[in-house]
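Enquirer: Mind looking at a prediction? Sequence and model below.
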Amino acid sequence: MVLPKGTNLLEYAKKNKLKDIIAAKVDGKLVDLNTTLEDDKEVEFVDINSEEGLEILRHSAAHIMAQAVEHVFGKAKFGVGPAIENGFYYDIDVGRTITEEDLKKIEKEMKKIVGANYKFERRELPKEETIKIFKEKGDEYKVEILNDIDEETVSLYQQGDFLDLCRGPHIPSTGYLKHFKLLNVAGAYFKGDEKRPMLQRIYGAAFSTKEALDKYLKFLEEVKKRDHRKLGKQLDLFSISDEVGPGLIIWHPKGAMLRYLIEEFERQEHLKKGYEFVKGPEILRTELWKRSGHYDHYRENMYFTEIDGQSFGIKPMNCLGHIQVYKSKKRSYKELPKRYFELGVVHRHEKSGVLHGLLRVREFTQDDAHIFCRPDQLNDEIIGVLDFVQDVMGIFNFDYELEISTRPENSIGSDEQWDLATNALINALENTGRKYDINEGDGAFYGPKIDVKLKDAIGRKWQCATIQCDFTLPERFNLTYIDEDGKEKQPVMVHRVILGSIERFIAILIENYEGNFPLWIAPVQARVIPVSIKHEDYAKKVYGELKDKGFRVELEDRNETLGKKIRFAEVDKVPYILIVGDKEVESNTVSVRKRKEGDLGCMNIDSLVEKLNQEVRSRR
RNA sequence: GCUGGCGUAGCUCAAUCGGUAGAGCAGCUGACUUGUAAUCAGCCGGUUGGGGGUUCAAGUCCCUUCGCCAGCUCCA
């Protein structure tokens, strides 16, 4: 709507009883609600429940928290304090570490500030003058942030006794912040640079309604419940041992079965899509890693070993092995593309602080493939991989987003090669009408990539598949094929994974399904439970028949009450619980109980087999 | 790697001011012979992550080292 010159938006909103309005857009630009129009302007009010409204609310919450910190500690220095998804944080230096106790105090003080309903007042000052203010305050971080700003004039916001550098806009007054909670505190480098001092980062959540805040806090609980490290232990899938070493996974029978099922699924899918199985060695001469550029650009992440006075590198990637397969003989244009697939075990020296269950480990298996093709085949090959990703994600019922990562600082190859590769990826996405974002400077050192971020059952995003286009390694290794015209040409290499790391993907599966794996990948599909020892022989017979039919079955032979045995099976998240007692022995049936759903009634073995097979085939 | 927190039985967790390491579950043995999420009893289980120190006395305090957790940086 167009509002006349001289209108104060806050007053206008109040007068017209506009509810839940916390800011406005004038000519499309976000401004404080407490703005008086200098001309007739197109105005759009920003609702507190909108994405922009929430961001403003959360950003203001960060300011209020900063004020509270200053009240509690007397003096504090500040880094940055932005809004983030679901909340906000502020980087703070109070001369000591902030404890959980402090958080309570700060939260209490925030409530006081909210109660006082201070106005957020915007001021514009010359940069130099502002620098002086923060120098006097002794806040060298803000001074440095100011020095980085190019503008002559900067804006400041004051609420009560607290003044902060800020672009704005903000909520009109502190009272608008009603539903928030401080969550945790941890160290964070100033400007994200590990060489700079570490500040204390306090995280908080803020929402427009109590319901939304409660829902989010519940979500955090839900995340904890689904934690794959916890479920991995409970379901006896894997362990990580202090004795063995950090970041190294020990797969127990059920976890190893899960791996096997996923790997077998992958092998079958790759065969269908025209890939060939290959396998390279675990260690290759260091000389080879020097030639590929890994030694110069990836050495920090590699392990080396010496044999008979010669240096070898343990592979952190599978490409060199696959290149050797390609190079093993002269190639014709007719045999391209070559698609080499390997469930390749790689080792990467990850920094100790980043290890995390199965999600970040030092040894993992990639569903890795390298496609060697002619330049004219590149587009189709990339599209083929994108379709592959689509098929697999569809089977697992995951939604996903695509991102292109461009040339990083630490990289090899010429600008021309990088442009060619990047354009090839963009073209493939454009040609198939896929949506994507661009992530500048985040590519691999040898080429740009398309990253696939899958979304799990509770809305979290995970990076799994990646497709990388590479003109550099073919050049470094002198890869060639004989073209139609009899001349040697250089093939293009596409590095790609679909699930990424089997370990990471299994972590995601565990959390996505909360351990309730669908029948086709459940390590144990059914457990036969005799009502009492009288029925053990019949239970064994049922168990044997299902086993013969290829099902993953267990026999419960512990001498416990039926209730307890059912409980064990439910706790173990076994999809089908088959109970046999007098009734079943008599009628040659089983009583079928489905995990989390309960009794489905009696069935003969044949119809049960049919039912299970159908469910396995559906992959749901 | 960095900042902070935390390491107690297979698992989940107790142990006041520095004063005899304890419970539930799991496991084992026995009794019971079970009809859709925990039957009862007994037993076993620990150099309190490792090493060093302070003290009459250390799970508890100090140092060191390893690991885990949260976040930062980095990443499949």
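Expert: Ah, there it is.

Enquirer: so how far is stretch A:532-550 off the chain centroid?
Expert: 43 Å (Cα atoms, centre = their mean, to the nearest Å).

Enquirer: now stretch A:39-50
Expert: In terms of Cα atoms, centre = their mean, the centre of stretch A:39-50 is found 35 Å from the chain centre.

Enquirer: now stretch A:69-82
Expert: Centroid separation for stretch A:69-82 versus its chain: 31 Å, with Cα atoms, centre = their mean.

Enquirer: And stretch A:463-473, by the same measure?
Expert: For stretch A:463-473 - counting by Cα atoms, centre = their mean - the centre lies 18 Å from the chain centre.

Enquirer: how does chain A divide into domains?
Expert: Chain A breaks down into these domains under automatic domain parsing: A:2-47, A:51-226, A:250-280+A:315-513, A:519-618.

Enquirer: Let me have those in JSON lines, extended by distance to RNA strand B.
Expert: C-beta: built from backbone N, CA, C; applies to glycine. As requested, the domains of chain A are exported to JSON lines (distance: least, Cβ to the nearest atom of the strand, whole Å):
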{"stretch": "domain A:2-47", "distance to RNA strand B": "25"}
{"stretch": "domain A:51-226", "distance to RNA strand B": "3"}
{"stretch": "domain A:250-280+A:315-513", "distance to RNA strand B": "2"}
{"stretch": "domain A:519-618", "distance to RNA strand B": "2"}
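
Enquirer: and of those domains, who's closest to A:Asp236?
Expert: domain A:250-280+A:315-513 (5.2 Å; Cβ to Cβ).

Enquirer: If you average the pLDDT over the closest one, what comes out?
Expert: Averaged across domain A:250-280+A:315-513, pLDDT comes to 94.

Enquirer: what's the answer for stretch A:535-552, then?
Expert: Here stretch A:535-552 scores 96 as its mean pLDDT.

Enquirer: residue nearest the centroid of chain A?
Expert: Closest to where the C-alpha atoms of chain A average out (Cα atoms, centre = their mean) is A:Trp462, at 2.6 Å.

Enquirer: Is that one part of a helix or strand, or is it coil?
Expert: Three-state assignment for A:Trp462 (DSSP: H, G, I helix; E, B strand; the rest coil): strand.

Enquirer: Touching, it and A:Arg504? I think so.
Expert: Yes: counting by Cβ atoms under 8 Å, A:Trp462 touches A:Arg504, with 7.4 Å between them.

Enquirer: returning to what we had before: might you report the residue contacts of the residue nearest to the centre of chain A?
Expert: By Cβ atoms under 8 Å, 6 or more residues apart in numbering, the contact list for A:Trp462 reads A:Lys453, A:Leu454, A:Lys455, A:Asp456, A:Arg504, A:Ile508.

Enquirer: Identify the bridge partners of it.
Expert: Beta-bridge partners for A:Trp462, by DSSP bridges, are A:Leu454.

Enquirer: could you measure it against A:Gly95, distance?
Expert: 38 Å (Cβ to Cβ, to the nearest Å).

Enquirer: quick one on the thing from earlier: may I see the contacts of A:Trp462 arranged in a markdown table, with distance to A:Pro253 and neighbour count as well?
Expert: Formatted as a markdown table, the contacts of A:Trp462 follow (distance: Cβ to Cβ, whole Å; neighbours: other Cβ atoms under 10 Å):
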| residue | distance to A:Pro253 | neighbour count |
| --- | --- | --- |
| A:Lys453 | 32 | 17 |
| A:Leu454 | 27 | 23 |
| A:Lys455 | 31 | 15 |
| A:Asp456 | 26 | 18 |
| A:Arg504 | 21 | 23 |
| A:Ile508 | 21 | 24 |
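
Enquirer: Turn those into a markdown table, including distance to A:Leu546.
Expert: As requested, the contacts of A:Trp462 are arranged in a markdown table below (distance: Cβ to Cβ, whole Å):
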| residue | distance to A:Leu546 |
| --- | --- |
| A:Lys453 | 39 |
| A:Leu454 | 33 |
| A:Lys455 | 35 |
| A:Asp456 | 31 |
| A:Arg504 | 32 |
| A:Ile508 | 29 |
